[in-house]
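Chemist: Okay, predicted coordinates and the sequence, questions at the end:
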Amino acid sequence: MRIIGLPMAAVRRHQRQAEPPHGGISQRGPIGARGASLGRLLTRALPLALVVAGFAVSDAQATVSLCNVPITMSDGTVLRANLFLPSTTGRFPTVLTATGYNKDAANPTGQDCTGSQAIAGDEPGLSEKGYAVMVFDDRGTGSSGGKWDSWGQRTQEDYKEVLSWIQGQPWSNSSVATTGGSYMGITSLLLAEADVARVAEGKPRAVKAVWADIPMADAYRDVTFQGGSVNASFIPLWLGLVSTLSALPPASTSANPEEAASIYLEHLLNNVQFSGEKVVGASLGSEPAYDGPFYRLRSPVVRAGEIRVPVVIQGGWWDLFQRGEPLLWESLRHSPDRVLFMSPHYHVTGGPAMEDPNLKEKWFAHWLQGSNNGVQRTPKVNLYPINGGHWEHFTRFPVPETSYQRLHLSSEPSGSTPVSLHDGSLSASTPTTEAGDQAPLLPASSPCSRETAQWTAGAASTPVCDTNNSTYEATSLTYTTPPLQADTKITGLITANLWAELSTTDATLVAVLSDVESSGASNQLTAGFLMASQRAVDPKLSTYTPERLMIRPWHPFTKASQQAVTPNQPTEYKVEIYPTSAIIKSGDRLRLTIGTANTFSSTPPLPVLGSELGGTITVLHGSRYDSTLQLPIAP
């Protein structure tokens, strides 16, 4: 066998012996109970770590494994990749994954890179089906040199150069599909966007298809900040995950100890510095606390409209990136074959089975190998509702023929007997008199809620807290409908348009939408967040119906857009509640809960927190200050 341009010491041949269940490539690669023991350990300690791949093999076949292949960038930095090739000679399409979680985390000695590398997200099993499979460590992580900068400009230049390197290899037919989950789902999109830039420079297109599991769209809005407040539950864990896995000695240590030692020291120093600067800056309300060029560069949604190849986005109604996954699909307007899957699950838990368990394999086979398998006819939007029993298929999102209903907040008791600071109502008509309900601005809330489970990626999920928000509601204001007379499906974009008076210059607003069962259990469906001083809305970037009804307000979250609240003055706040699809059973109720804290996720910068302490909020309703909940009612 002839391997050109690769160190023969890195070449190993192995046999695939076991055949995992399900008979196909994993459709929920980053989610579920697959992976090595290290992946299971990191699932609870560092939630974003469970990115695991499973593969089917019909016959034991030989695969060529090439470990820690060097790829030298234009600035001299060496990235390292693991490469899996078919045992036969020829040129093959490449299935590519870029990881920041150390491609050899399950194999830190680097002696053998066979099989799935636990949290790396690579899919070596595909090499037995005629693909080259490659996973590489992002700059400044794993065995790659340089400084990690969380998808900065230099890293995105790397992506362009890696694609060009692949096209120059003797085993490559120049076609690439990018794939992965979570971090690797994000890089799948960033790689495709980097390829757009390559094509604009006159280079041949490399990326022909994308399959991105649970990817982020907006680096500021989706998870780093919630309505302008730092996501204090997830971000430290995620930065800790990258730093911890980079703290493992590079897998190249045994082959090149001197180089590995230099890389190891560089990783340790840089990751602590980078993470510390961003977390401290955001907490103190300095530049990292505001949206701007740093976050725009790292947001796939900004340039998603430039992608012109087929893309699959898989997401979850309780995923970390719940807000952004449907938005990514919407933004892929020039992708001729864009497909969205959304179902009820957390970031590290599994959702319902897909109707075609082999769809991912077929996706690659069609777009990379020309297989006439009909995958191009996959429905564009595939939603599995909360409380639903099957997948539903649509041509677009928001779904066609959606109607929007406004429910009005009222002081009238709902009769649902919640344990809350005030039991108000949601009704179809505007209250005839103006009134208000007061609550204290709190520095903390009960962590026993679905919000805690969601924003720890599912690691803090418990059966009791996930399905009953009552302890969170105890320190909040609640507004509840009468029992519904028929099953009702809510699918799409939700907004809470609130009028309120603050006794302070700022506050944290949390709006939670729940399904209240006849037993009284309040099961959270979705939620939204807004820092009062960041209430400004950019009408040009907001989303509207054809009738010009605003259904998704877009808050700039910049320092320039921030405006202190005038105490004791009625002010309107448009709270973006993250999209969902849920069936509310006949006899159940809908409840909107207005809270002023969300432990452990939403933590306002310290200057804002200081201004909130000791203050109150009064939620207003009535003719001049008509607070409403705007719901998308599916056909």
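Modeler: Looks like it came in fine. Residues are numbered from 1 along each chain as shown.
Chemist: Not counting its own residues, what contacts stretch 85-93?
Modeler: Here stretch 85-93 makes contact (CB atoms under 8 Å, 6 or more residues apart in numbering) with 1-2, 13, 61-64, 66, 127-128, 130-133, 170-173, 175-177, 208, 364, 368-369. For the C-beta atoms, the positions are set from N, CA and C on the backbone; glycine is no exception.
Chemist: Could you do stretch 497-505 as well?
Modeler: For stretch 497-505, with CB under 8 Å, 6+ apart as the criterion, the contacting residues are 409, 436, 441, 509, 511, 532-533, 564-575, 594, 611-612, 614-621, 625-630.
Chemist: What subset of these is buried?
Modeler: When burial is judged by neighbour count using 16 or more other CB atoms under 10 Å, the buried members of the contacts of stretch 497-505 are 409, 436, 441, 509, 511, 532-533, 565, 571, 573-575, 594, 611-612, 615, 617-621, 625-630.
Chemist: so of these, which ones are in helices?
Modeler: Ser611, Glu612 (DSSP state H).
Chemist: end to end, how far does stretch 557-571 reach?
Modeler: Stretch 557-571 has an end-to-end distance of 18 Å (criterion: CA to CA, to the nearest Å).
Chemist: Tell me the secondary structure at Leu327.
Modeler: Following DSSP: H, G, I helix; E, B strand; the rest coil, Leu327 is assigned to helix.
Chemist: any idea how far Thr491 is from it?
Modeler: Here the distance between Leu327 and Thr491 works out to 15 Å (CB to CB, to the nearest Å).
Chemist: before we move on, the earlier item: out of the contacts of stretch 497-505, list just those in strands.
Modeler: Helix and strand membership here follows DSSP state E; of these, those in strands are 409, 436, 509, 511, 571-575, 594, 616-621, 628-630.
Chemist: So which bits of stretch 396-404 are buried?
Modeler: Neighbour counts using 16+ other CB under 10 Å place Phe397, Pro398, Val399, Thr402, Tyr404 of stretch 396-404 among the buried residues.
Chemist: which SSE is the nearest residue to the third one once chain neighbours are set aside in?
Modeler: So the one you mean is Val399. If the residues on either side of it in the chain are set aside, Val399 comes closest to Thr491, at 5.6 Å by CB to CB, 6 or more residues apart in numbering. Secondary structure assigned from DSSP states H and E places Thr491 in strand 488-502.
Chemist: what angle separates that strand from strand 616-621?
Modeler: 130 degrees (axes from the mean of the first three to the mean of the last three CA atoms, to 10 degrees).
Chemist: The stretch 151-300 of the chain: strands as residue ranges?
Modeler: Along the stretch 151-300 of the chain, the segments classed as strands by DSSP state E, counting those that start in this stretch run 172-181, 207-213, 225-226, 229-231.
Chemist: With mean neighbour count, distance to Glu355 and mean pLDDT added, can I get the ones you listed in CSV?
Modeler: Supplementary listing: the strands of the stretch 151-300 of the chain in CSV, determined by neighbours: other CB atoms under 10 Å; distance: least, CB to CB, whole Å; pLDDT from 0 to 100:
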stretch, mean neighbour count, distance to Glu355, mean pLDDT
strand 172-181, 25, 20, 97
strand 207-213, 26, 16, 98
strand 225-226, 28, 33, 89
strand 229-231, 24, 33, 82
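Chemist: Export the ones you listed as JSON lines, with columns for distance to Glu306.
Modeler: What follows is the strands of the stretch 151-300 of the chain, written out as JSON lines (distance: least, CB to CB, whole Å):
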{"stretch": "strand 172-181", "distance to Glu306": "15"}
{"stretch": "strand 207-213", "distance to Glu306": "12"}
{"stretch": "strand 225-226", "distance to Glu306": "25"}
{"stretch": "strand 229-231", "distance to Glu306": "28"}
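Chemist: Show the low-confidence segments of this protein, by residue range.
Modeler: 1-62, 108-112, 114-122, 233, 235-237, 239-284 (pLDDT under 70).
Chemist: now do 80
Modeler: Residues of the chain that meet the criterion pLDDT under 80 lie in 1-63, 106-124, 232-286, 600-612.
Chemist: The strand holding Thr491 pairs with which strands, and in what direction?
Modeler: Partner strands for strand 488-502, per DSSP bridges, with pairing direction: strand 571-584 (antiparallel), strand 616-621 (antiparallel), strand 628-633 (antiparallel).
Chemist: If you count neighbours, what's buried in it?
Modeler: For strand 488-502, the neighbour count (16+ other CB under 10 Å) marks 488-502 as buried.
Chemist: With stretch 63-80 instead?
Modeler: Neighbour counts using 16+ other CB under 10 Å place 63-71, 73, 77-80 of stretch 63-80 among the buried residues.
Chemist: Closest one to Lys160 out of those residues, please.
Modeler: Distance to Lys160 across these (CB to CB) is lowest for Met73, with 9.9 Å.
Chemist: Just give me the residue right at the centre of the chain.
Modeler: In the chain, the C-alpha closest to the average C-alpha coordinate belongs to Phe321, at a distance of 2.7 Å (CA atoms, centre = their mean).
Chemist: Is it correct that that one is in contact with Arg221?
Modeler: No - in this structure, Phe321 sits apart from Arg221 without contact. The criterion is CB atoms under 8 Å, and the distance is 10.1 Å.
Chemist: Walking through this protein, point out its helices one by one.
Modeler: For the chain, the helices defined by DSSP H occupy 37-45, 153-167, 183-200, 235-246, 257-283, 293-297, 300-303, 324-331, 359-369, 450-455, 463-466, 470-473, 606-612.
Chemist: how many other residues sit next to Pro413?
Modeler: Burial measure for Pro413: 13 neighbouring residues, criterion other CB atoms under 10 Å.
Chemist: Give me the nearest residue to it, chain neighbours excluded.
Modeler: Using CB to CB, 6+ apart and skipping residues adjacent in sequence, the residue nearest Pro413 is Asp423, 5.0 Å away.
Chemist: Can you pick out the ones from the buried residues of stretch 396-404 that are in strands?
Modeler: The subset of these that ends up in strands is Tyr404, with DSSP E as the criterion.
Chemist: could the buried residues of stretch 396-404 go into a markdown table alongside distance to Thr599?
Modeler: Conversion of these to a markdown table gives the following (distance: CB to CB, whole Å):
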| residue | distance to Thr599 |
| --- | --- |
| Phe397 | 32 |
| Pro398 | 32 |
| Val399 | 34 |
| Thr402 | 34 |
| Tyr404 | 32 |
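Chemist: and which of the buried residues of stretch 396-404 is nearest Gly388?
Modeler: Val399 (13.5 Å).
Chemist: gap between that closest one and Lys380?
Modeler: Applying CB to CB, one obtains 11 Å for the distance of Val399 from Lys380.
Chemist: out of the strands of the stretch 151-300 of the chain, nearest to Ser414?
Modeler: strand 225-226 (27.1 Å).
Chemist: Given the closest one, what are its sheet partners and their directions?
Modeler: Using DSSP bridges, the strands paired with strand 225-226 in its sheet are strand 229-231 (antiparallel).
Chemist: which residues are contacting the strand it pairs with?
Modeler: Where contact means CB under 8 Å, 6+ apart, the residues beyond strand 229-231 that reach it are 223-225, 279, 282-283, 289, 455, 508, 529, 531, 601-605, 608.
Chemist: what about 7 Å?
Modeler: By CB atoms under 7 Å, 6 or more residues apart in numbering, the residues outside strand 229-231 that reach it are 223-225, 282-283, 455, 508, 529, 531, 601-605.
Chemist: tell me the two of those that are most distant?
Modeler: Largest separation among the contacts of strand 229-231 by CB to CB: Trp455 and Pro605, giving 17.6 Å.
Chemist: More neighbours: which of these two?
Modeler: Trp455 (29 against 22).
Chemist: In this structure that one contacts Ser601, no?
Modeler: Yes - distance between Trp455 and Ser601: 3.8 Å, which falls inside the contact criterion (CB atoms under 7 Å).
Chemist: Excluding covalently adjacent residues, which one is nearest to Gly492?
Modeler: In space, not counting the residues next to it along the chain, Gly492 is nearest to Pro632; the distance is 3.3 Å by CB to CB, 6+ apart.
Chemist: Same question for Phe294.
Modeler: Residue nearest to Phe294 in three dimensions, not counting chain neighbours: Pro288, with 7.1 Å by CB to CB, 6+ apart.
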